[in-house]
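Colleague: Starting from these lines, generate the structure:
(one chain, ligands or ions: 1)
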Amino acid sequence: MDKFVIEGGKRLVGDVSVKGAKNSTLPILAATLLAEDEFIIENIPRVRDIFTMKRVLETLGVSISLEDDTIYIDTRGAVGFEAPYNLVKQMRASYYVLGPLLSRLGRTRVSLPGGCAIGPRPIDLHIKGLKALGADISVVHGYIEGYGERLKGSKILLLGPNGPSVGATINTMMAAVKADGVTMIEGAAMEPEVVDVVNFLKRCGADIQGEGTRKIEIRGVKKLSGCKYRVIPDRIEAGTFAVAATITGGDIYLRDVSCNYIGSILSKLKEIGATISLEEDCVGVRMDGDIMPIDIETAPYPGFPTDMQAQFTSLLSLSNGVSVVKDSIFEERFMHVPELVRMGANLKREVDYVIIKGVPCLSGAQVMASDLRASAALLIAGLAAEGTTEISRIYHIDRGYESIETRLATLGAAIWRLKE
Ligand code: UD1
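Modeller: Below is the predicted model:
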C-alpha cells in the first residue's frame with residue numbers, strides 16, 4: 001500500500017489542467033453496452049474506478065483499450081450478463097451495468113454493493129426505476145437479478161428521502177432508451193454528469209428531453225449506434241484544486257474547466273476571501289489574507305456538492321471564526337473529522353453537521369484516509385499544516401484523482417508517494 005508524505009506550508013502557484021469527470025465517465029462506459037458497435041471516448045481520467053469499470057466490461061465480453069486519455073470500445077462481442085462481487089465491492093458504481101444489460105440482453109445479475117464508508121447507500125430507487133419499466137427484479141444470494149424481455153416506457157417518480165438520486169436517474173434512463181413507448185422520470189437528478197450521459201446517449205441516437213431539469217422524457221428508439229464522445233471536465237477535481245490553492249494562500253490557474261458547473265463552489269470560495277477570475281474554460285483562484293468563516297449546507301445540484309464538503313471542512317479549520325458545515329445527503333460522511341482533529345483542528349461533529357472553530361495553524365500528523373473525498377480533505381490539510389503529514393491508505397484517493405501528487409508538485413507542493 002502507498003502513502004503520501006507532505007511537507008506543509010508551500011504556496012501552490014501555477015497552471016493545472018482538470019481531467020475528465022469520473023462520475024460521468026463511469027455510466028458512459030456502461031452505456032456503451034446499449035449498442036453493438038464501436039466507440040471512442042475522450043478525456044477519460046486515468047483513475048482506479050475507471051480501471052475497475054474497464055474490468056467489469058471486459059468480464060461481460062467487451063473489448064476495451066485505454067491509450068492516454070482515450071478509450072476504444074467494441075461492444076459487439078458482449079454476451080455476459082453478470083458483474084461479480086469481487087469487482088462490485090471495489091466500486092459501487094459497477095451497478096451502472098444493470099440498466100444497459102437489462103436493455104440489451106433482457107437479463108442481468110449484479111452483486112449488491114454492500115457497505116460503504118460514508119454510511120448506508122440503498123439502491124431501492126434503482127430497483128424502483130427498473131421495475132417500473134416492467135423488469136422483474138429480485139435479490140438472491142447477495143445479487144440483484146433482473147429479467148425483462150421487453151421493457152416498456154412508464155411514468156416514474158425517483159425521489160428518495162434525501163432528494164433525487166444521480167445513480168438511479170442514470171440507470172433508469174439507460175434502461176429506458178430502447179424501451180417501448182415513452183418514459184417520464186420525475187424527481188430526476190439535475191447534476192451535470194446526468195446531462196453528460198444524456199448528451200452521450202443522444203449522440204448514439206437516443207431521443208431524450210428535459211435533461212438538467214427534474215423531469216426527463218425518454219422516447220424509446222429501436223437501436224443505438226457507436227459514436228465518438230468527449231467527457232466533460234471533473235467539477236469536483238476542479239473544486240479540490242481550488243480549495244488547495246486557497247488554503248495555501250496560493251495563486252493558480254485551472255485550465256479545461258466547465259465554469260458553469262462550479263458556480264456554487266466558487267461562490268463559497270469568494271465568501272471565504274479568495275479572488276476568482278473566470279475566462280471561458282479557465283478559472284483563476286488567488287488567496288491573500290485571512291480565511292473568513294462561512295456556513296455551508298450541501299444540496300443536490302445546483303446546490304453545494306456533498307463531494308466538496310470534506311475539502312471545505314479542512315479549509316474552514318484555518319478560518320478566523322466559527323463555521324458550520326451541514327451534510328445530510330450521506331449520513332456518515334464525516335470520517336475526516338477525527339483525523340483533522342489529530343492535526344489540531346477544532347471540530348465538533350453533531351448528527352449531520354460539524355461546528356468548526358478556526359485555529360491559527362494545523363500541525364502535520366500521521367492520518368488515515370477512509371474514503372475518496374475524506375482523503376482529499378486530509379491532503380488539503382497536509383498542504384497547509386506545519387511540518388510533515390503522512391496519509392496512509394491513499395488507494396482511496398487514487399480512485400478519483402489522477403496522479404494527484406505529481407500535479408500538486410508541479411504547483412509547488414512538497415509531496416511524495418512512498419511504499420508503506
Ligand atoms: C453520486 C456520485 C457521488 C455523489 C453523489 C451525490 C457517482 C459514481 N457518485 O453517487 O460522488 O456524492 O452522487 O451527488 O456518480 N439514495 C436512495 N436510494 C437509492 C439511491 C440513492 O435513498 O436507490 C439516496 C442516497 O443514500 C443519498 C441520496 O439518495 O442519500 C443521493 O444519492 P445518489 O445521488 O444516488 O448518489 P450516487 O449516485 O450513489
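
Colleague: Can you give me the distance of the spatially closest residue to Glu186 that is not a sequence neighbour to Leu125?
Modeller: Once flanking residues are discounted, Glu186 sits nearest to Leu157: 4.8 Å by C-beta to C-beta, 6 or more residues apart in numbering. Backbone N, C-alpha and C define where each C-beta goes, glycine included. According to C-beta to C-beta, to the nearest Å, Leu157 and Leu125 sit 10 Å apart.

Colleague: again, but for Gly205
Modeller: In terms of C-beta to C-beta, Gly205 sits 27 Å off from Leu125.

Colleague: follow-up on the earlier one: for burial, what's the neighbour tally of the residue nearest to Glu186?
Modeller: 13 (other C-beta atoms under 10 Å).

Colleague: tally of neighbours for Lys54?
Modeller: Neighbours of Lys54 (other C-beta under 10 Å): 18.

Colleague: correct me, but it touches Ile64?
Modeller: Yes: the pair formed by Lys54 and Ile64 meets the contact definition of C-beta atoms under 8 Å, at 5.5 Å.

Colleague: anything in contact with each of the two?
Modeller: Leu29, Ile71 (C-beta atoms under 8 Å, 6 or more residues apart in numbering).

Colleague: neighbours around Lys3, how many?
Modeller: Considering only other C-beta under 10 Å, Lys3 is surrounded by 18 other residues.

Colleague: next one: Gly212
Modeller: 15.

Colleague: residues from the stretch 1-150 of the chain in reach of the ligand?
Modeller: Contact residues (C-beta under 6 Å from any ligand atom) of the stretch 1-150 of the chain with the ligand: Asn23, Leu26, Ala93, Arg121, Pro122, Ile123, Asp124, Leu125, His126.

Colleague: Give me the buried entries from those residues.
Modeller: Asn23, Leu26, Ala93, Arg121, Ile123, Leu125, His126 (16 or more other C-beta atoms under 10 Å).

Colleague: can you list the residues of the stretch 301-420 of the chain near the ligand?
Modeller: Counting by C-beta under 6 Å from any ligand atom, the stretch 301-420 of the chain sits next to the ligand at Thr306, Asp307, Ile329, Phe330.

Colleague: mind putting these in TSV, secondary structure included?
Modeller: As requested, those are exported to TSV (DSSP: H, G, I helix; E, B strand; the rest coil):
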residue	secondary structure
Thr306	helix
Asp307	helix
Ile329	coil
Phe330	coil
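
Colleague: between those, which is nearest Val194?
Modeller: Nearest to Val194 among these, counting by C-beta to C-beta, is Asp307 at 14.4 Å.

Colleague: Which pLDDT value belongs to the closest one?
Modeller: Note on Asp307: pLDDT of 97.

Colleague: how many other residues sit next to it?
Modeller: What Asp307 shows, counting by other C-beta under 10 Å, is a neighbour count of 23.

Colleague: these two touch, right, it and Asp234?
Modeller: No: at 10.0 Å, Asp307 and Asp234 do not qualify as touching, with contact defined as C-beta under 8 Å.

Colleague: Give me the buried positions along stretch 278-288.
Modeller: Cys282, Val283, Gly284, Val285, Arg286, Met287.

Colleague: what does stretch 68-87 give?
Modeller: So, applying 16+ other C-beta under 10 Å, buried residues of stretch 68-87: 69, 71, 73-75, 78, 80-85, 87.

Colleague: Then stretch 333-350?
Modeller: 333-337, 339-345, 347.

Colleague: so how far does stretch 28-37 reach from one end to the other?
Modeller: 14 Å (C-alpha to C-alpha, to the nearest Å).

Colleague: Check stretch 85-98 too.
Modeller: 14 Å.

Colleague: Would you mark the buried spots in that stretch?
Modeller: Tyr85, Leu87, Val88, Gln90, Met91, Arg92, Ala93, Ser94, Tyr95, Tyr96, Val97, Leu98.

Colleague: Tell me the secondary structure of Ile397, please.
Modeller: helix.

Colleague: separation between it and Ala132?
Modeller: Applying C-beta to C-beta to Ile397 and Ala132 gives a distance of 37 Å.

Colleague: same thing with Ile73?
Modeller: For Ile73, the distance to Ala132 - C-beta to C-beta - is 29 Å.

Colleague: what does Thr306 give?
Modeller: 26 Å.

Colleague: One more: Ile232?
Modeller: 28 Å.

Colleague: and Asp293, what does it touch?
Modeller: You called it Asp, but residue 293 is Pro. Leu316, Ser319, Asn320, Gly321, Val322, Ser323, Ile356, Gly358.

Colleague: element containing the third one?
Modeller: Under DSSP states H and E, no helix or strand contains Asn320.

Colleague: Tell me the secondary structure of the residue nearest to it when sequence neighbours are not counted, please.
Modeller: Spatially, and ignoring its direct neighbours in sequence, Asn320 is nearest to Asp290 (4.8 Å; C-beta to C-beta, 6+ apart). Secondary structure, three-state DSSP: Asp290 is coil.

Colleague: quick one, phi psi at Asp290?
Modeller: phi -70, psi 150 (degrees, to the nearest 10).

Colleague: again, but for Ile291
Modeller: phi -80, psi 120.

Colleague: Hmm, it is touching Leu269, no?
Modeller: No: contact criterion C-beta under 8 Å: Ile291 and Leu269 do not qualify, at 10.1 Å.

Colleague: where do the contact lists of these two overlap?
Modeller: Looking at what touches both Ile291 and Leu269 (by C-beta under 8 Å, 6+ apart), the common residues are Thr246.
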